[in-house]
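Undergrad: sequence unknown, structure follows:
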C-alpha cells in the first residue's frame, strides 16, 4: 500500500487501526505511531511527494508518543516542564475523536457511492411536451369587450391606412404545403399517425402548413382521418385504395 | 455498510425469465403467473421513450423472431387494456412506443393548467449549453461530456420547449439527436445557433 | 389519511381489486367505476417523465389536498407492484416520477439504455457526505474533518451540480457556506434530506 492510496493522514491512521483489528475507541495512539512513520519513510525513499498534512500529523503523533513515554507519576517539575498530563490526554482524545468522526463520514461516503451506482441503473423517460394540451381561450374570453361597432371602426381604419400604404405582410412557413403533403403521406404509409403527433414541436406557422397539408390530402382522398372521442386526437391513416397516386 | 438499507424498496415480482420455452406463451393466454416477459417489454418501451424499439431490438432482447416480437407487442396491448393503462403500445413508423391514450386527454388538459415549479437547475443550464454548441448531439454524448446521467436535465429542456429531437443518429439503436428550438433562438435573440459567442475566448484570462 | 389499509400484502385468497373501497376518499368523481384515478395518475406521471409531478400538481388535477396526493402515489405504487410493473413511482427531490425497477436493469443493459456508470472519486464522495450531513458548512470546516485540502473535490462537486454555495459565513473573510442541491437528491435517489441514512453514532465509545 502506497501513501498515495490514502485520502489523507486520518485515512492512513484508520487503515492502520483497522488492519490490525484494534478498537478505535481505546487503541493507544502511541502504538500506531511507529507504523505511521514507516509508511511515511518508505514513501520518501521513493522520492514521492508527501503532502504536508502527512508531515503535520507525524509531528503530532510523535508529540503524543513522547509524552506517553514519560513517567505518569514522575517528579512534579517534569510534569510541569512538559505540560504533562492534561495536555497529553487532550491531544490524544482530540485525535481519537477526529478519527471517529472521519470514519463515520468515510462509511457514509461508501454507502452513498454504492447507492449512486444502484440508482444510476434506474432510468426514467423524457417528458411529453404539454403545450398541445394547453386550453385555448374561448371565443367569448378572447373577444371580451369587443362590440360590433369596434369591428366597423377597425375596418375603417384599415381601409384608410391601405389607401396610403399598401403593406400586407404574410408570414410564410419556409416549407411549401406540397412538400409537407409528401412528407405526411410518406409517414402515414409507413404507419398510422395522429394529428397531435404531426404537430409535435411545431411553431404556429408550421402548424398552419401541416393543417393545410392534411386538409388537402383529405380533399384528394389520399388519407383517412378518424376521431374516436370528441376533442380527442385524430388518427390519420393512408387511404390504401388511392395509394398508387 | 450497515447504513445502506435505506430506500431499497425491493418490489415483489417474479424474476423475468425470457427464454425459448416461453415463446409459445406470448401469443396464447398470458397470465400474471407465467408473466414477466410482457412486463419486461413494457418496461423497456417505457425506458426507450419516444425513440421506441424496433421489432429487431425486441427480438434480440427476448431471443425470439421478429413476427413473435410483433405478437408480443400486440399481447402487451391487450394486457394494458385489461389493466386499464392510460398509455398503450403503438406502432409509429418502424418502432413501437408507449403513447398516451385518448382517455388521458382531459387529465393532461387539467395538468397543463397547473404550472410546474419553474427553475432552471445548473444541470439543465449546462445541458442546454452543450446542446446549443454541439448540436446535433445524442443523449449519451451529452452524458459523456457532463460525466453524469442527464435524462432529467434533458427532460426539463424538452418539456420547456428549449431542446428537441431533430434527427436520428446512424449509430446502433439509432438514438435521437437533439438540438435547440426556435424558441431558444428567439429568447436569446439569435438568428441561428451559429450566432452563439465563440467558445475559445472564455478562459483566456 | 383515513384509508390506512393500503399496504396490501393481503390475506390469502383476497383478489387484489385495484380500487373500489380505497378510492372513495379522493373525490366522488373518481371511483373505480368511473375509470380509476390511479390509472389516470399513472398516465400523468408517464407524460411528466423525468420532470415528475409535485404533490401540488397532483392535488390540482384531482382536486384533493396534498396529503391525499401523497396517498394516491403510495396506492399507485401498491397497484404497480401487484400488477408486476417494471417501472414504479418514486419520490425524488419532492417530486413523484416513474423510474424503472431494478429487475429491468439486465434488459436495459442489453439495449444500452443505461448510461455507463460514472462514479465519483473517494475524495469527492467524502466531501459530499460531509456537506450532506453538516450543511451549511465552509471549506475549511470540511478540511478539518477530512484532514486534507478539499478544494479540488469541492470544485468537482460544484461543477457537477451536486453541491453549491448557499450563503456566506459570518466568520472573518466571510467564506462561502456549501450545501447540497436538488440534483444531489436525484443522483442518489432520495426524496429529501430526511431520507439520508443516519450517520454512524459518534459517541458510543
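TA: Structure received. What you see is a predicted model; the values in this text were computed from it and never measured.
Undergrad: hmm, the lengthiest helix in chain A touching chain C?
TA: Ranked by residue count, the top helix of chain A under DSSP state H comes out as helix A:86-120. Yes - part of helix A:86-120 sits near chain C under the criterion C-beta under 8 Å from any C-beta of the partner chain, namely A:97-98, A:100-113, A:115-120. Using the backbone N, CA and C atoms, a C-beta is placed for each residue, glycine as well.
Undergrad: By neighbour count, sort out the buried ones in these.
TA: The neighbour-count test (16 or more other C-beta atoms under 10 Å in any protein chain shown) applied to these identifies A:98, A:100-113, A:115-116, A:118-120 as buried.
Undergrad: And residue A:2, how close does it get to chain B?
TA: Here the distance between residue A:2 and chain B works out to 25 Å (C-beta to the nearest C-beta, to the nearest Å).
Undergrad: wait, I meant residue A:93
TA: Using C-beta to the nearest C-beta, which is the criterion applied here, residue A:93 is 26 Å from chain B.
Undergrad: quick one: least confident helix or strand in chain A?
TA: Taking mean pLDDT, DSSP states H and E as the measure, helix A:139-142 is the helix or strand of chain A with the lowest mean score, a mean of 52.
Undergrad: meant to ask about chain B, not that
TA: helix B:23-27 (a mean of 39).
Undergrad: Now the element after that helix, going C-ward?
TA: Towards the C-terminus, the helix or strand next in line after helix B:23-27, according to DSSP states H and E, is helix B:37-48.
Undergrad: Which neighbouring elements make contact with the helix or strand just after that next one?
TA: Sequence-wise, the next helix or strand beyond helix B:37-48 is strand B:53-54, with elements assigned using DSSP H and E. Strand B:53-54 makes packing contacts with strand B:95-100 when contacts are defined by 3 or more C-beta pairs under 8 Å, 6 or more residues apart in numbering or on different chains; DSSP states H and E.
Undergrad: Low-confidence ranges, chain A, go.
TA: Applying pLDDT under 70 to the predicted model, the residue ranges of chain A that meet it are A:1, A:46-50, A:71-89, A:134-175, A:204, A:241-245.
Undergrad: redo that, cut-off 80
TA: Counting by pLDDT under 80, the ranges of chain A that qualify are A:1-4, A:43-51, A:67-90, A:129-176, A:200-208, A:227-232, A:240-245.
Undergrad: hey, where'd the strands end up in it?
TA: Counting by DSSP state E, one finds strands in chain A at the ranges A:193-194, A:223-227, A:234-238.
Undergrad: Save the ones you listed as CSV, and put in mean neighbour count too.
TA: CSV is the format used below for the strands of chain A (neighbours: other C-beta atoms under 10 Å in any protein chain shown):
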stretch, mean neighbour count
strand A:193-194, 20
strand A:223-227, 16
strand A:234-238, 18
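Undergrad: What helices and strands are in contact with the longest helix of chain A?
TA: Counting contacts by 3+ C-beta pairs under 8 Å, 6+ apart, helix A:86-120 is packed against helix A:9-19, helix A:29-45, helix A:52-69, helix C:122-134, helix C:139-146, helix C:182-188.
Undergrad: Give me the distance from it to the chain's centre.
TA: Averaging C-alpha coordinates over helix A:86-120 and over its chain gives two centres that are 27 Å apart (C-alpha atoms, centre = their mean, to the nearest Å).
Undergrad: Just send the strands of chain A back as a markdown table, with distance to residue B:96 too.
TA: As requested, the strands of chain A are exported to a markdown table (distance: least, C-beta to C-beta, whole Å):
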| stretch | distance to residue B:96 |
| --- | --- |
| strand A:193-194 | 14 |
| strand A:223-227 | 21 |
| strand A:234-238 | 17 |
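Undergrad: who's in contact with the most centrally placed residue in chain B?
TA: The geometric centre of chain B, computed from its C-alpha atoms, lies nearest to residue B:49 (C-alpha atoms, centre = their mean), at 2.6 Å. Taking C-beta atoms under 8 Å, 6 or more residues apart in numbering or on different chains as the criterion, residue B:49 is in contact with A:125-126, B:97, C:49.
Undergrad: Turn the buried ones among those residues into a named PyMOL selection, would you?
TA: Buried subset of the contacts of residue B:49, written as a PyMOL selection, criterion 16+ other C-beta under 10 Å:
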select buried, (chain A and resi 125+126) or (chain B and resi 97) or (chain C and resi 49)
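Undergrad: So for chain B, which of the strands of chain A sits nearest?
TA: With distances scored as C-beta to the nearest C-beta, the stretch of the strands of chain A nearest to chain B is strand A:193-194 (6.4 Å).
Undergrad: who does that closest one pair up with?
TA: Take DSSP bridges as the rule and strand A:193-194 pairs in its sheet with strand A:234-238 (antiparallel).
Undergrad: List of residues touching the partner strand?
TA: Judged by C-beta under 8 Å, 6+ apart, the contacts made with strand A:234-238 from elsewhere in the structure are A:184-185, A:188-189, A:192-196, A:198, A:214, A:222-228.
Undergrad: cool, and stretch B:122-131?
TA: The set of residues external to stretch B:122-131 that reach it, using C-beta under 8 Å, 6+ apart, is B:137, B:142, B:145-146, B:148, B:150, B:152-154, B:156-157, B:162-163, B:178-180, B:184, C:161, C:164, C:181, C:183.
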